[in-house]
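[1] Sequence and predicted structure are below.
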Amino acid sequence: MTDQDGSEAETASPELAAEELKFSFRGLREESDIRKAISIRSIGGRLPQLIRRSLTLAWRVDRRAVVLLLTFQVLSALLEAFGLLATTRTITELIASGHIADRVQAALPSVLAIATAAALRTVLGIGINMIGSDLEPRIARRAEWMMLEAATEAELSAYDTPGFNDAWDAADRGAVVSPDLVLESQSIMSSAASLLAAAGVLTVLHPVLLPLLLLAVVPQGVAAVAATRENYLSNLEMSADRRALSHLRWHLADKEYADQVRSDTMAPFLLAKYRRHGERVDARVRKSVRTGARYAAVGALMGGAGATLVWGAVVLLLSTGRMSVASAGTAVIALGVATTGLRGIVNWSARLFRTGLYVDDWADFIAKAGGYALARGAAAPPAPDVIRVEGATYGYPDAAKLALDKVDFHVRRGEVVALVGENGSGKTTLAKLIAGLYLPTDGEVTWDGVSTRDLDPHALWAQTSVVPQKVARWPLTARESITLGREDESGDGTILDAAAASGASDVLNELRRGLETLLAPEFWGGQDLSGGQWQRIALARAFYRRAPLLVLDEPTSALDPRAEHRIFAGLRAMAADCAIVLVTHRLTNVAVADRIVVLDHGCVLQEGTFTELTTTPGLFQELWRLQNDRASLPDQRAAQPAEEFDSGIGNSGQ
Ligand SMILES: Nc1ncnc2c1ncn2[C@@H]1O[C@H](COP(=O)(O)OP(=O)(O)OP(=O)(O)O)[C@@H](O)[C@H]1O
């Protein structure tokens with residue numbers, strides 16, 4: 001139980017506490033696997049794989065750019081090493097004995113070499129930057145494209161699977177950061193190139209310097225990776241609250257519910273929930289920031305100790321005469337370059353590692369959607385003469401009971417068959433099975449004897465028109481909303497015929513630019529329609545398609561009596577060359593059907609013509625009687641004193 005400000009009643013026992021919005025990564029990677037995958041030990045092995053992944057992604061987008069990027073990077077590293085060696089030469093010439101003018105002249109070629117190398121590296125750096133910036137948005141789009149392809153090629157049932165939508169959200173974040181993978185890999189490679197150049201020079205100067213340098217930088221690296229790991233884990237733990245926040249934000253601010261937020265006085269109630277989830281996120285962020293700061297402090301302390309060791313070694317080597325002044329001078333510069341390179345590798349690796357975790361979510365989604373990828377046959381069905389459902393069972397993932405249990409049904413071309421039953425009896429689910437949107441968990445649905453499992457789904461859907469309960473309000477022009485991009489050569493005639501049959505012509509006549517009007521209220525200049533007008537457009541869309549199977553799921557729920565009458569008056573003529581499956585609760589409308597199938601708790605309870613079912617005792621007759629009972633309400637009102645009747649409504653259920 002919750003009070004108006006959204007807080008749970010104190011008395012609720014844990015088992016009976018109200019459920020909250022929660023999301024799971026179930027079906028993706030298990031959390032324990034994620035923790036294992038991001039143990040510090042596994043990270044080293046992961047980096048090459050991530051660099052390979054970033055190159056593969058970039059390769060898919062633009063091979064030439066990748067080749068140029070790598071070539072520029074190698075050239076830049078070679079120039080850096082060359083510059084460092086030229087530095088030794090310059091210092092040697094400058095500190096040699098002789099007149100200063102002679103020494104400067106002797107050093108001039110190597111100074112020129114240093115300057116040329118630096119200039120060339122700057123040019124290469126600009127080139128690398130340019131190629132990277134050009135690649136990044138294209139990589140993000142490519143990653144998004146792959147997600148969209150994977151999602152649209154998945155079975156519809158994937159959307160009913162717990163965790164699928166979370167996987168989509170996580171993958172979306174992965175796609176957004178995917179270009180960073182390239183930037184970070186490239187920065188690691190460039191830091192590695194600098195390090196290699198400096199390491200080569202340092203090893204020549206004295207072999208002890210390099211291992212000491214590693215000692216200075218590696219602890220900081222480990223600390224950075226540990227902080228990154230903590231940050232990712234906290235994000236993972238917060239994902240449920242963050243999704244809840246985003247849902248609540250949508251429900252509070254979107255146009256769809258703006259009226260009900262006001263009329264139901266929902267704002268304080270939902271805002272309290274929003275605050276609660278927000279506070280949980282804040283607490284987790286605070287914990288993560290503190291842990292990260294602790295890691296950073298330990299890393300910095302150890303790094304400082306390491307750096308003291310390196311510089312102490314240089315001083316010792318110089319003071320004991322084991323290193324010349326020229327070499328020490330170069331060592332100082334090379335140490336600077338090597339430290340920057342190493343630090344770059346470590347810090348960029350930590351960032352690459354974190355990005356890699358998000359990109360893993362993206363890759364997991366693509367693989368996950370792949371797990372639900374349409375894997376049916378390739379046979380293209382001709383217009384079916386008969387569609388049969390044979391002993392079909394369907395259970396939604398994780399549902400406590402079956403939505404359909406051993407259902408037999410058939411519809412022939414030229415027939416109108418109505419599905420009737422109480423809420424939740426399985427009508428929509430059966431309609432989706434017939435239209436090949438779902439495959440039965442058991443049993444078969446066949447089109448002219450061929451199982452929908454063996455038919456090419458896209459070819460099957462091309463033979464199907466569906467008007468669902470909640471029709472899509474595509475952000476398209478009225479013309480596109482009806483043709484869905486499948487305009488034929490016959491010109492506007494077919495569109496206008498479909499519009500006339502559905503009643504959409506009245507809507508079109510009132511639009512400021514007729515068929516060319518943009519029906520997209522969320523865009524500037526786009527026009528919105530009423531619920532019933534949208535339904536008429538959706539019906540026009542279905543009629544325009546002229547598919548051999550027409551599935552109408554509550555197609556007239558928002559239509560006025562005149563518009564509804566037009567649809568049902570025209571339905572029989574339409575059935576001449578197609579099979580029509582009609583789902584409706586308005587039983588007067590099912591008189592148009594050749595046969596009526598009554599569903600109850602996922603099973604077929606009755607089947608017959610309208611006359612048979614209205615005259616035979618059973619569920620249909622009972623529903624029919626209840627629907628017509630409304631006619632007696634005015635009589636009841638007349639028979640009852642007004643006050644008694646009004647309070648009766650208010651007290652019903654007591
Ligand atoms: N996506 C889903 N995930 C889990 N269960 C679902 C889902 N959709 C429907 N169900 C369940 O399956 C059963 C059949 O639902 P279905 O939508 O087919 O019923 P219906 O007869 O069309 O209902 P209505 O008359 O209310 O439209 C119901 O128990 C419902 O709760």
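    Great, that's in hand. Numbering: from 1, shown residues only.
[2] which ones are touching Lys432?
    Contact partners of Lys432, counting by CB atoms under 8 Å, 6 or more residues apart in numbering, are 156, 438. No exception for glycine: its C-beta is placed from N, CA and C like everyone else's.
[3] and it, what helix or strand is that in?
    helix 427-434 (DSSP states H and E).
[4] buried stuff in the next helix or strand along the chain from that helix?
    Using DSSP H and E, the helix or strand that follows helix 427-434 in sequence is strand 442-447. In terms of neighbour count (16 or more other CB atoms under 10 Å), strand 442-447 has its buried residues at 443-447.
[5] now the strands for this structure?
    In the chain, the strands defined using DSSP state E lie at 386-394, 404-412, 416-421, 442-447, 450-451, 464-467, 476-477, 518-519, 549-553, 579-583, 595-600, 603-608.
[6] among those, which is nearest the ligand?
    Of all these, strand 416-421 sits nearest to the ligand, with 5.4 Å by CB to the nearest ligand atom.
[7] Give me the below-cutoff pLDDT ranges for this structure.
    Filtered on pLDDT under 70, the chain yields the residue ranges 1-44, 370-371, 522-525, 630-654.
[8] What residues does the closest residue to the ligand within the stretch 151-300 of the chain make contact with?
    The ligand sits closest to Asp160 of the stretch 151-300 of the chain, with a gap of 4.2 Å, by CB to the nearest ligand atom. Taking CB under 8 Å, 6+ apart as the criterion, Asp160 is in contact with 396-397.
[9] what about 10 Å?
    396-399, 438 (CB atoms under 10 Å, 6 or more residues apart in numbering).
[10] Now, of those, which are buried?
    Taking 16+ other CB under 10 Å as the criterion, what is buried in those is Tyr438.
[11] Now the two most distant members of the contacts of Asp160.
    Based on CB to CB, the longest span within the contacts of Asp160 runs between Asp398 and Tyr438 and measures 15.3 Å.
[12] Next to the ligand in this structure, residues from this structure, please.
    Contact residues (CB under 6 Å from any ligand atom) of the chain with the ligand: 160, 396, 399, 403, 421, 423-429.
[13] Using a markdown table, lay out these together with distance to Arg64.
    As requested, these are arranged in a markdown table below (distance: CB to CB, whole Å):
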| residue | distance to Arg64 |
| --- | --- |
| Asp160 | 44 |
| Tyr396 | 48 |
| Ala399 | 52 |
| Ala403 | 53 |
| Gly421 | 61 |
| Asn423 | 59 |
| Gly424 | 58 |
| Ser425 | 60 |
| Gly426 | 56 |
| Lys427 | 56 |
| Thr428 | 51 |
| Thr429 | 51 |
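[14] Report the buried members of those.
    Buried members of the residues of the chain next to the ligand, scored by 16+ other CB under 10 Å, are 403, 421, 425-429.
[15] got these as TSV, with distance to Val281 columns?
    Output for these, formatted as TSV (distance: CB to CB, whole Å):
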residue	distance to Val281
Ala403	36
Gly421	44
Ser425	41
Gly426	40
Lys427	41
Thr428	37
Thr429	37
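[16] what's near enough to touch the residue nearest in space to the middle of the chain?
    Geometric centre of the chain, nearest residue: Trp168, 3.0 Å, by CA atoms, centre = their mean. Residues near Trp168 by CB under 10 Å, 6+ apart: 147, 150-151, 158-159, 361, 365, 368-369.
[17] which of those residues sit farthest apart?
    Largest separation among those by CB to CB: Tyr159 and Asp361, giving 17.9 Å.
[18] In terms of neighbours, single out the busier of those two.
    Between Tyr159 and Asp361, counting by other CB atoms under 10 Å, Asp361 is the more crowded of the two (27 against 13).
[19] Not counting sequence-adjacent ones, nearest residue to the more buried one?
    Spatially, and ignoring its direct neighbours in sequence, Asp361 is nearest to Ala170 (3.8 Å; CB to CB, 6 or more residues apart in numbering).
[20] Distance of the one you found relative to Thr330?
    Note on Ala170: its distance to Thr330, by CB to CB, to the nearest Å, is 49 Å.
[21] With Thr446 instead?
    81 Å.
[22] what's near enough to touch Asp506?
    Residues in contact with Asp506, defined by CB under 10 Å, 6+ apart, are 499-500, 533, 536, 562-563, 566.
[23] Count the residues that sit near Met238.
    Per other CB under 10 Å, the neighbour tally for Met238 reads 19.
[24] Spit out the contact partners of it.
    So Met238 contacts 245, 277, 280-285, 288 (CB under 10 Å, 6+ apart).
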